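Undergrad: structure for this input, please:
(one chain, ligands or ions: 1)
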Amino acid sequence: MESDRHPANSDSTAIPPVVIVGGGFAGLYTALSLAESRRHPPILLIEPQERFLFLPLLYELLSGELRRWEIAPRYDALLAGKGVGWLQDRVDRIDASQRHVHTAAGRSLPYRRLVIASGGCPEFFGVPGADIHSLGFRTLDDVERLQQLLEKLRRSARPLQRLAVVGAGPTGVELACKLADLAQGCAVIELIEQGPTLLPQARAFSREQAEKALRQRDVRLRTHTAVTRVDADRLHLCCRSAPEGDGLQPAPEELLPIDGVIWTAGLSFRPPLISPDPRRDRRGRLCCQADLSLVDQPAIFVAGDLAHLEGPDGDPLPGTAQVAFQQAPLLAANLLHSLADEPLETFQWKDLGEMLSLGQGDACLTASGLTLAGPAAFRLRQLAYLSRMPGLAHTLRVAAGWLADWKP
Ligand SMILES: Cc1cc2nc3c(=O)[nH]c(=O)nc-3n(C[C@H](O)[C@H](O)[C@H](O)COP(=O)(O)OP(=O)(O)OC[C@H]3O[C@@H](n4cnc5c(N)ncnc54)[C@H](O)[C@@H]3O)c2cc1C
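TA: Just a heads-up that it's a prediction; the model follows:
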């Protein structure tokens, strides 16, 4: 294995571990993949949350179609007996020259190789009030708050109750469909998008199915509409209508009364402070090489949403679980290569298609030339995600639960 002894560790007999910062799709699956190797080094996962969250199935947790333990297994259960240590803490600072991470709880820990996979956080684009008055949709707490709000709206049932979802990317569209089903007519769902269309990156079939699902549920889609301010009970909107001439003209501001707003409009990136400061893109993502190592820092690797890595068309790869999931085994292999002073492999992204949850019991998918929508797509989507659950033991537990619930 590795021969490079770092000065920071020279007086210690213990071998510093491979440290993985963040236990999301990129970090957790890299740790599990690395632990499968018979010659794996000590592995330490640093993650502040108690539970891993399978984000693509968060809509089904909101609707009660899936249970909390299924999509949010505890790290201690997932990692038991796997040879991966888990530290429930947050990394604040990385000293790349000393090869140490510093945590919020005041620990200073050496590493031999480091993986930064701390993902992103909601971006409010400086819109006043957005961070104070909006709900998010990324955590178990977000789901609980949204369930409480829905319950309140169903119980009070005043006329013209309204929920607004800001951002018509996949999360906004999927959430709007689920909310419309759950509101059971007690609230109008508004989906607000500043661009010209919903799902700008999606395939035509997915967009058509999403439009159909929104129409069927009376979700009001407003495109060309920017939220300029969020108050507790209303949104300030700037609608830009297409004029006869060229370009879009701003129209007067509109006020939209709301009973709640869910912000799904973007992600920003605030990884731990790193010295020396590495190269980032304009959104704050860390620029890495095709082998997932950080530019100029061969002992540090980046994966998942936080990694800026160009695809074959020169555009950065999308921030999806699918990309993170594919990066994990390659990164695990490269960590071993790097420790053994072997050449590293390059990451090749393979687009496996896309799936959207479109309300209760409804979904669409496109993969390998196949397109499918409706209840069959909903079931297939769940099965596809079952095969992506972390660890065999958890996968089997979830499968057993679904089989027990199955009514032919
Ligand atoms: C509601 C929703 C639905 C989605 N649906 C899909 C889908 O259908 N298909 C798809 O491909 N993608 C989907 N995505 C996107 C996908 O979930 C992300 O691309 C994926 O989670 C990225 O993985 P990651 O490991 O980079 O980051 P994350 O999953 O965000 O994990 C980052 C982890 O790092 C931890 N962390 C953060 N800061 C620190 C720190 N300083 N120290 C230690 N730990 C830290 C966090 O607690 C978190 O656990 C969805 C996202 C959302 C929000």
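Undergrad: the residue in the stretch 51-200 of the chain that the ligand sits nearest to: how many residues sit nearby?
TA: In the stretch 51-200 of the chain, the residue that lies nearest the ligand is G119 (2.5 Å; CB to the nearest ligand atom). C-beta coordinates here come from the backbone N, C-alpha and C atoms, glycine included. Neighbourhood size, G119 [other CB atoms under 10 Å]: 22.
Undergrad: which SS state does it fall under?
TA: Classification of G119 by DSSP: H, G, I helix; E, B strand; the rest coil places it in coil.
Undergrad: please name the residues that touch it.
TA: Going by CB atoms under 8 Å, 6 or more residues apart in numbering, G119 touches 22, 24, 26, 304-306.
Undergrad: the helix or strand in which A226 is found pairs with which strands, parallel or anti?
TA: A226 is part of strand 225-230 when elements are defined by DSSP states H and E. Pairing partners of strand 225-230, with direction, according to DSSP bridges: strand 234-241 (antiparallel).
Undergrad: name the residues that touch stretch 54-62?
TA: Applying CB under 8 Å, 6+ apart, the contact partners of stretch 54-62 are 24-25, 66-68, 70-72, 137-138, 140, 143, 146-147, 174-175, 178, 182, 321, 355, 357, 382, 385, 388-390.
Undergrad: filter those down to the buried ones.
TA: With neighbours counted by 16 or more other CB atoms under 10 Å, the contacts of stretch 54-62 contain buried members at 24-25, 66, 70-72, 137-138, 140, 143, 146, 174-175, 178, 182, 321, 355, 357, 382, 385, 389-390.
Undergrad: which ones among the residues you listed come in contact with the ligand?
TA: With CB under 6 Å from any ligand atom as the criterion, the buried ones among the contacts of stretch 54-62 include 24-25, 137-138, 321 near the ligand.
Undergrad: turn the residues you listed into CSV, including secondary structure.
TA: Output for these, formatted as CSV (three-state DSSP):
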residue, secondary structure
G24, coil
F25, helix
F137, coil
R138, coil
A321, helix
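Undergrad: would you list these in a markdown table and tack on pLDDT?
TA: Below are these laid out as a markdown table (pLDDT from 0 to 100):
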| residue | pLDDT |
| --- | --- |
| G24 | 98 |
| F25 | 98 |
| F137 | 97 |
| R138 | 96 |
| A321 | 97 |
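Undergrad: of those, which pair is most distant in space?
TA: Using CB to CB, the two most remote members of those are F25 and F137, lying 16.6 Å apart.
Undergrad: distance of the residue of the stretch 51-200 of the chain closest to the ligand from L386?
TA: Per CB to CB, to the nearest Å, G119 is found 23 Å from L386.
Undergrad: backbone torsions only: list them for G81.
TA: phi 70, psi 10 (degrees, to the nearest 10).
Undergrad: again, but for H102
TA: phi -120, psi 130.
Undergrad: so the closest residue to it other than its chain neighbours, which of the three states?
TA: Sequence neighbours aside, R93 is the residue nearest to H102 in space, at 4.2 Å (criterion: CB to CB, 6 or more residues apart in numbering). Following three-state DSSP, R93 is assigned to strand.
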